[in-house]
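J.: whatever this is, show me its structure:
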Amino acid sequence: HVAVSRLIGLGHRRIVLIVRESHRTTGPGKVERTIFRQMAAHGLPTGSYNLPEWKDNPGEFYRRLDELFRVTPPTAMMIDEPFLFHAAKDHLAQRGILAPKHVSLICSDPDPTFAWSRPSIAHIRWDHRPVVRRVVRWTNNVAQGKKDIRQSFTKAEYVDGETVGKVPDGT
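T.: From the prediction side, this is the model:
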């Protein structure tokens with residue numbers, strides 16, 4: 001919520017979510033639906049442009065990025081998983097598209113490499129340990145034939161970074 005509010009506050013209207021195929025197989029997930037509701041509440045359109053389809057392989061990933069920037073480039077991208085973030089940032093930079101000069105970039109996960117990155121990377125920080133413990137508990141319960149449909153949540157925090165800026169002039 002805070003990350004999307006930050007982008008909207010900086011004038012971003014074309015926000016694209018880049019998530020892996022497994023997160024899109026049954027349609028937008030809970031996080032994506034929440035982001036879309038927030039965008040819609042601010043009068044921003046949402047649809048397939050904002051959650052593009054791509055096959056989960058490097059060639060398709062880079063082709064999709066190129067397609068996104070061909071006609072109506074996004075002004076901001078929220079990218080799932082640090083390895084995809086770095087791949088996107090590098091791929092775009094090779095084409096002269098830099099963050100935050102041309103596009104704002106946010107990663108949905110923390111990563112130790114971010115401390116070494118310049119510009120500093122905007123991301124969502126959350127503690128993975130409770131999630132891992134919950135997965136282990138769920139696995140043990142399922143292995144013992146126990147029904148376990150409990151959900152658990154972990155607190156997340158938006159960490160602003162230098163990959164986020166105002167909408168570029170002329171967009």
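
J.: give the residue spans of the chain that score low on pLDDT.
T.: 171 (pLDDT under 70).

J.: got the residue ranges for the strands in it?
T.: In the chain, the strands defined using DSSP state E lie at 15-18, 76-79, 104-107, 122-126, 156-159.

J.: contacting residues around the first one?
T.: Defining contact as CB atoms under 8 Å, 6 or more residues apart in numbering, one finds that strand 15-18 is touched by 4, 7-8, 32, 35, 39, 44, 49-52, 64, 68, 74-80, 84, 88. Every residue, glycine included, has its C-beta placed from N, CA and C.

J.: pull out the buried positions in stretch 157-171.
T.: 158-159, 161, 163-165, 167 (16 or more other CB atoms under 10 Å).

J.: tell me where this protein has helices.
T.: Per DSSP state H, the chain carries helices over the ranges 2-9, 30-41, 58-68, 82-94, 129-143.

J.: can you spell out which helices and strands pack onto the first one?
T.: If you count contacts as 3 or more CB pairs under 8 Å, 6 or more residues apart in numbering; DSSP states H and E, helix 2-9 packs onto strand 15-18, helix 30-41, strand 76-79, strand 104-107, strand 156-159.

J.: do that again at 7 Å, thanks
T.: helix 30-41, strand 156-159 (3 or more CB pairs under 7 Å, 6 or more residues apart in numbering; DSSP states H and E).

J.: what does the third one give?
T.: When contacts are defined as 3+ CB pairs under 7 Å, 6+ apart, helix 58-68 packs onto helix 82-94.

J.: give me the contact list for the helix it packs on.
T.: Around helix 82-94, the neighbours that count as contacts under CB atoms under 7 Å, 6 or more residues apart in numbering are 18, 61-62, 65, 77, 79, 99, 103, 105, 107, 109, 111, 113.

J.: and with 6 Å instead?
T.: 62, 65, 79, 107, 109, 111 (CB atoms under 6 Å, 6 or more residues apart in numbering).

J.: out of those, who's nearest H123?
T.: Taking CB to CB as the measure, H123 lies nearest C107 of these, at 4.2 Å.

J.: need the contact list for that closest one.
T.: With CB under 6 Å, 6+ apart, C107 has these contacts: 79, 82, 85, 121, 123.
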